[in-house]
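A.B. asks: pasting the sequence and the predicted model now:
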Amino acid sequence: MTLRDDYLQYPNRRYGMDHDFFEWSILQQRDPIVWPNGAKIAIWVSYALEFFPLDQPAKPFKAPGGMVTPYPDLRHFTTRDYGNRVGIQRIWKVLAKHGITASAAVNSVVAQRYPYLINKINDRGDEIIAHGVDMGKVHYGGMDDADEAALVEEAVSVLRGVSGQPVTGWWSPGKSESWNTLNHAANNGIEYVCDWVNDDMPYEIKSPNGNLLTAMPHTEEIWDRTILMDKKHNEEEWVEQIQDAFTIFYNETDRYGGRIMSIVLTPYLAGMHYRIKYLDEALGWIMDHDHVWAATGAQILEAFNKQS
Amino acid sequence: MKADLELYDYWPYENRPKIEWPNGAKVAFWVAPNIEFYEIDPPANPKRVAWPRPHPDVLLTSNRDYGNRAGHWRMMEVMDRCNVRGSISLSTGLIDHHPELIEETKARDWEFFSHGIYNTRYSYEMDETQERAIIEDSLESVMKATGQKLAGYLAPALTHTERTMDLLAEYGFLYTCDLFQDDQPQPVKVKSGRLVSMPYSLEINDIIVYNTYLGTPRRYGQMIKDQFDQLFEEGKESGTVMCIPVHAFAVGHPHRIGGFEEGLEYITGHSKEDVWVTTGREIAEYYYENYYDVCLADINARKGS
């Protein structure tokens, strides 16, 4: 047995990354950031309002949270819908209680189907992030470039039209990009993306065409989906991990400057009746600290860009 | 394919020659941070797919990259505070990509051992020339960057061939981390030269605890302490080895670093008469110097009994 010769060739073995999307950089060696009003931590809460079509394609893969049983999977379809009807109301109440302005990542199909949600988001002063067309339309390497261009344009233009918001953030369904997603995002006036989970702070990311955007730290690690669904930890353990992460970040700010703590919420998970009190507990505990600034992705990025 | 590669003889844990580590320590303790580079677009291996999604798998590749950009420093600071030198399981390609991490760890007198070129290049289906090429590449790269002659090996992404152990011995490696049959080092049966299997661990490895056992960070801290307590008791009869293999993309996250630190603090809080805090190379050298022959004699004496 022999592998092809190219298996032992390393054309991208060089200083920095093996691609040109961004520069290699060590988080702890960068200039410290100071947040408005001397805040140590920018709390970036984002929640996803998603539509999972019953006929979600299985290829190239299903975005997490997608249909599971043979068609028609009413079980998962309605469970996801629960989040958009009931769960989100509970999350909004908790956010309001703690004075937290957040980012709402919305599929454009959701804006078309449920304009009520967009009005509520606007009333709250939350930011809308473009979250693709729907969860059945993932972006992936090898997809047709014109198809992807149309998907990004549709998602962004619909969301801008329905909401009246500038919509400068992009989060691909399932955090999946093609080689060209950043081109299309830039072409549609997107300034930051949420798909890359390799940093705790923003960094510059470049599209293949040379457009400069920002990768915002939108962690999947303490996402309710990861902790509760994938890792099967219970709610108390979720709260504990949020608190532990906050404490580490908070203590690091003395040496390394302001930090961002990203908390990503899924309404059909965190918004469940038996879970919402734990979210209330975690966010209340965080907001009881001094020098904490809860803001949207765009607000955090604006403050970051003023200094870097 | 074979039923058994016959890499070692069956050797019951009971009544083995008594091992005593330096200062009479019962446990030789080492920490093996895996400092890995995962390519965004590696060539395909017929036996293993690198990424579940079409390239670029932005979510998973960036998840791995977190270790080098953000997690490594946090992990290194914890090890500094606990006075633990790491034995780095290194994707040797990373020497070119991220030399700053090599310089920082070299300055701390950490050991480097080979974990292949990239953790996205697997040994499956390699012919002998190809497997020799990746071993020789590792030896040269690490020597050039650190001045260290590689002593240890952990196959890239734990992908092996039937000849891996023979080649390691031939190239003068002292130990392999690829065999998990024991809590003590022992001779590996190789065609030429000598090789020792060094207890690494796929149980207390952070990836296994977090992704297979779905453990919480605090449970991880408790598991580390429990494992140490048991190996310490058993080490009074004959010295044991405990390794904590970690990955900065896992343990280096802010919600996880505390569990690791709790475990390290507990172990390094013991006296040097209890625990020898050391590196893979130092354990292997001490073992060759003092116990290889006596253990081999015991294994041979007990054969078939």
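C.D. replies: Alright, I've got the coordinates. Values in this document were obtained by computation on a predicted structure and should not be read as measured data. Residues are numbered from 1 along each chain as shown, chains lettered A, B, ... in the order given.

A.B. asks: next, find the distance separating residue B:16 from residue B:264.
C.D. replies: 28 Å (Cβ to Cβ, to the nearest Å). From N, CA and C alone the C-beta is placed, and that goes for glycine too.

A.B. asks: more neighbours, the two?
C.D. replies: A direct count of neighbours by other Cβ atoms under 10 Å in any protein chain shown for residue B:16 and residue B:264 places residue B:264 higher, at 23 against 19.

A.B. asks: in which helix or strand does that one reside?
C.D. replies: Using DSSP states H and E, residue B:264 falls within helix B:257-268.

A.B. asks: export that helix to PDB, keeping only CA atoms.
C.D. replies: Output of helix B:257-268 as PDB, limited to C-alpha atoms (Å, rounded to 0.1, in the frame of the first residue of the first chain):
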ATOM      1  CA  ILE B 257      -8.800  25.800  32.500                       C
ATOM      2  CA  GLY B 258      -9.900  25.700  36.100                       C
ATOM      3  CA  GLY B 259     -10.400  21.900  36.200                       C
ATOM      4  CA  PHE B 260      -6.900  21.300  34.800                       C
ATOM      5  CA  GLU B 261      -5.400  23.800  37.200                       C
ATOM      6  CA  GLU B 262      -7.200  22.100  40.200                       C
ATOM      7  CA  GLY B 263      -5.700  18.700  39.200                       C
ATOM      8  CA  LEU B 264      -2.200  20.100  38.600                       C
ATOM      9  CA  GLU B 265      -2.200  22.000  41.900                       C
ATOM     10  CA  TYR B 266      -3.200  18.800  43.700                       C
ATOM     11  CA  ILE B 267      -0.500  16.700  42.300                       C
ATOM     12  CA  THR B 268       2.300  19.200  42.500                       C
END
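
A.B. asks: in the longest helix seen in chain A, what's buried?
C.D. replies: Counting by DSSP state H, the longest helix found in chain A is helix A:235-256. Using 16 or more other Cβ atoms under 10 Å in any protein chain shown as the test for burial, helix A:235-256 gives A:235, A:237-242, A:244-246, A:248-250, A:252-253, A:256.

A.B. asks: ok, now which ones touch residue B:76?
C.D. replies: Listed by Cβ atoms under 8 Å, 6 or more residues apart in numbering or on different chains, the contact partners of residue B:76 are B:33, B:86, B:104-105, B:108.

A.B. asks: swap the cut-off to 10 Å and go again
C.D. replies: A:28, B:33, B:84, B:86, B:101, B:104-105, B:108, B:110, B:248, B:252 (Cβ atoms under 10 Å, 6 or more residues apart in numbering or on different chains).

A.B. asks: need these in CSV (columns: neighbour count and distance to residue B:10).
C.D. replies: What follows is those, written out as CSV (neighbours: other Cβ atoms under 10 Å in any protein chain shown; distance: Cβ to Cβ, whole Å):
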residue, neighbour count, distance to residue B:10
A:28, 16, 48
B:33, 27, 32
B:84, 23, 34
B:86, 24, 33
B:101, 21, 41
B:104, 16, 43
B:105, 22, 38
B:108, 13, 39
B:110, 23, 35
B:248, 26, 37
B:252, 26, 39
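
A.B. asks: quick one: secondary structure of the residue nearest to residue A:188 when sequence neighbours are not counted?
C.D. replies: Closest residue to residue A:188 apart from its sequence neighbours, by Cβ to Cβ, 6 or more residues apart in numbering or on different chains: residue A:156 at 4.4 Å. With DSSP: H, G, I helix; E, B strand; the rest coil as the basis, residue A:156 sits in helix.

A.B. asks: what distance do you get for residue A:156 to residue A:119?
C.D. replies: From residue A:156 to residue A:119 the distance is 19 Å (Cβ to Cβ).

A.B. asks: list the residues that contact the closest residue in space to residue A:87 that isn't next to it in sequence.
C.D. replies: What sits nearest to residue A:87 in space, not counting adjacent residues and going by Cβ to Cβ, 6+ apart, is residue A:271, at 2.3 Å. Neighbour list for residue A:271: A:47, A:82-94, A:224, A:265, A:279 [criterion: Cβ under 10 Å, 6+ apart].

A.B. asks: weed out the non-buried ones from those residues.
C.D. replies: Buried by 16+ other Cβ under 10 Å: A:47, A:83-84, A:87-88, A:90-92, A:94, A:224, A:265, A:279, out of those.

A.B. asks: take those residues and keep only those in strands.
C.D. replies: Using DSSP state E, the subset of the buried ones among the contacts of residue A:271 located in strands is A:47, A:265.

A.B. asks: out of the buried ones among the contacts of residue A:271, which sit inside helices?
C.D. replies: A:88, A:90-92, A:94, A:224, A:279.

A.B. asks: what distance separates the helix or strand residue B:74 falls within from the middle of the whole chain?
C.D. replies: Using DSSP H and E, residue B:74 falls within helix B:72-81. Here the centre of helix B:72-81 is set off from its chain's centre by 18 Å, with Cα atoms, centre = their mean, to the nearest Å.
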